[in-house]
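Asker: everything below, folded, please.
(chains A and B)
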Amino acid sequence: MTGAPDRVFDDGLQAERTALAWRRTSLALAVAAAGAGRLAAPALGVLALALAGLGLVQAVAVGWGAARRYRAVRRALTSHGDLSTLRAGGLPMAALAVSGAVTGLLALAFVVLDPHS
Amino acid sequence: MVYCSPGEASTEVGSTVTGTDAPGRARFPRSVFGVGDEPDPRFSLANERTFLAWIRTSLALSAAGVALEALDVPVAGGLRLACAVLLVCLGALAPVQAWWGWAATERAMRCHRPLPSPLLSPLIAVGTLLAGVLLLLGLLLR
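Answerer: Predicted coordinates:
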């Protein structure tokens, strides 16, 4: 701890709201991974399981990273008031954007190939 | 793309000049964190939440497109496929808006410039509208 007083530094609870937004996203990723694995299982078998596992690992990583980031944001806001000490910068965003785009492309493959018809 | 020069915006009277991150340990991406000065953290966090909202929108669009086909929703075949393809394409496009919007907004705030307009959101709005129309037609024509 920095010894800074744990006062309310921001009436808008920005850090909490941002942490909750990350958590919602983590839950959405977990659901998407589980659903994708279930739908791809008949066609891809073990590969579908691996795919779902990868998605779940990312969901857990996002949730874990969110908790870490929340603590770092709190510490930054209570000590010096800017976010320049968040070492991760935009890396979590970049990773999430890439995986979102990949998810969209996998969904496109599913819709076009449609193993159901 | 217009960049403000490093430290350019941190010259106002009375501001403690933090400038850009120290060289060598600049945060990723440099095109964002290498310019201007640190904005109000509330705005950076709001920008982060907007990014996350776009990511969840992307997941929802992809899931909607997949669900149309996977659940064999009773909609005229060709229209259903068109709607599903459109939705998942929008789902693949939304993360582009998410990342571009986050980076451009953060850069604008660091340089004290007006915020950029969301580049792809008109396209995504029109696409979603079109998907709804296709779905409605498909329901009426089945």
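Asker: can I take it that residue A:19 is in a helix?
Answerer: Yes. With DSSP: H, G, I helix; E, B strand; the rest coil as the criterion, residue A:19 is assigned to a helix.
Asker: now for the residue lying closest to it once chain neighbours are set aside: which residues touch it?
Answerer: Nearest non-adjacent residue to residue A:19, counting by Cβ to Cβ, 6 or more residues apart in numbering or on different chains: residue A:70, 3.9 Å away. All C-beta spots, glycine's among them, are computed from the backbone N, C-alpha and C. Residues counted as contacts of residue A:70 (Cβ atoms under 8 Å, 6 or more residues apart in numbering or on different chains) are A:15-16, A:18-19, A:22.
Asker: same thing but at 10 Å, please
Answerer: Residues counted as contacts of residue A:70 (Cβ atoms under 10 Å, 6 or more residues apart in numbering or on different chains) are A:15-16, A:18-20, A:22-23.
Asker: those residues into JSON lines, with extra columns for pLDDT and neighbour count?
Answerer: Below are these laid out as JSON lines (pLDDT from 0 to 100; neighbours: other Cβ atoms under 10 Å in any protein chain shown):
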{"residue": "A:15", "pLDDT": "91", "neighbour count": "23"}
{"residue": "A:16", "pLDDT": "93", "neighbour count": "14"}
{"residue": "A:18", "pLDDT": "95", "neighbour count": "23"}
{"residue": "A:19", "pLDDT": "96", "neighbour count": "20"}
{"residue": "A:20", "pLDDT": "96", "neighbour count": "15"}
{"residue": "A:22", "pLDDT": "97", "neighbour count": "23"}
{"residue": "A:23", "pLDDT": "97", "neighbour count": "16"}
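Asker: and of these, the nearest to chain B?
Answerer: residue A:18 (4.5 Å; Cβ to the nearest Cβ).
Asker: what strand or helix carries the residue lying closest to that closest one once chain neighbours are set aside?
Answerer: Leaving out its chain neighbours, the residue that sits closest to residue A:18 by Cβ to Cβ, 6+ apart is residue B:45, at 4.5 Å. Using DSSP states H and E, residue B:45 falls within helix B:41-70.
Asker: how far does that helix sit from the chain's center?
Answerer: Computed by Cα atoms, centre = their mean, to the nearest Å, the chain-centroid distance of helix B:41-70 equals 8 Å.
Asker: buried ones in it?
Answerer: For helix B:41-70, the neighbour count (16 or more other Cβ atoms under 10 Å in any protein chain shown) marks B:41, B:44-52, B:54-66, B:68-70 as buried.
Asker: look up how far chain B lies from residue A:69.
Answerer: 9 Å (Cβ to the nearest Cβ, to the nearest Å).
Asker: which SSE is immediately downstream of the one helix or strand that residue maps to?
Answerer: Take DSSP H and E as the rule and residue A:69 turns out to sit in helix A:46-79. Downstream of helix A:46-79, the next assigned helix or strand under DSSP H and E is helix A:91-113.
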